[in-house]
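1. with the input below, show me the fold.
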Amino acid sequence: MVVNVLTSRAKAARIVQKKHADRLDVPKLFGTAAGALLGNAIAPGLGGMLGGGAAGNWVTGQLRDASQEMKRVFVSFDFDNDRGLKDLIIGQSRHSDSPFNIFDHSLKEAAPKLNWEDKARTAIRRSDVVLVLLGEDTYRAGGVLKEVGIAREDGIHLVQVIGYRDRPYRPIPNAGRVYEWTWDNLKRLLS
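-> Here you go, the predicted model:
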């Protein structure tokens, strides 16, 4: 009876491990275990072990976050027609497994200030990648064309992503390769 229960638990553990293998965070697991052992050594008992485990988990996460440099992405888009695309890419950058950070986005406003181009130049120079979101009229959006020109002058990597699957688009000449907007592409291109 006891053997059957242990065998069933072992099978269940293997199924859970296999099903969630892509989510298993081994470094955090070891950090939590090391913290639990240290916590138990300092304050013997369940409280010390739980407190130490939580501390070990937190420290491991902080060390990982400090060691992983995220790409800084400047997003260029047609302000008049494609603001929704900007909102979507910002949302995707907030995913917990996102390797990129929307560092800044197109600075063109409905009534552009006289110095928006200087601000855009500064923001683009601080970025690792300029991501151009392609809509129907992006190829003739003055602000986008200026931002692409700035990125080219400063040698910043340019990538174009198709904004809408069901609408036509025209790539911007000399603004990098064109890719489909998929999570896998974004992670690969912006990591």
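2. which residue packs closest to the spatially most central residue of the chain, ignoring adjacent ones?
-> By Cα atoms, centre = their mean, the chain has its centre lying nearest to residue 98, at 2.4 Å. Leaving aside its sequence neighbours, residue 98 sits nearest to residue 92 (Cβ to Cβ, 6 or more residues apart in numbering; 6.5 Å). For the C-beta atoms, the positions are set from N, CA and C on the backbone; glycine is no exception.
3. the one you found sits in which helix or strand?
-> helix 83-93 (DSSP states H and E).
4. now that helix: average pLDDT?
-> For helix 83-93, mean pLDDT is 91.
5. pull that helix out as CSV, backbone CA atoms only.
-> Taking Å, rounded to 0.1, in the frame of the first residue of the first chain, the C-alpha atoms of helix 83-93 are listed here in CSV:
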residue,chain,number,x,y,z
ARG,A,83,-0.9,54.6,-31.9
GLY,A,84,-2.6,51.3,-31.0
LEU,A,85,0.4,49.4,-32.3
LYS,A,86,2.6,51.3,-29.9
ASP,A,87,0.4,50.4,-27.0
LEU,A,88,0.5,46.7,-28.0
ILE,A,89,4.3,46.6,-28.2
ILE,A,90,4.5,48.4,-24.8
GLY,A,91,2.2,45.7,-23.4
GLN,A,92,4.3,42.9,-24.7
SER,A,93,7.5,44.5,-23.2
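6. so which elements touch that helix?
-> strand 71-76, strand 100-105, strand 129-134, helix 183-189 (3 or more Cβ pairs under 8 Å, 6 or more residues apart in numbering; DSSP states H and E).
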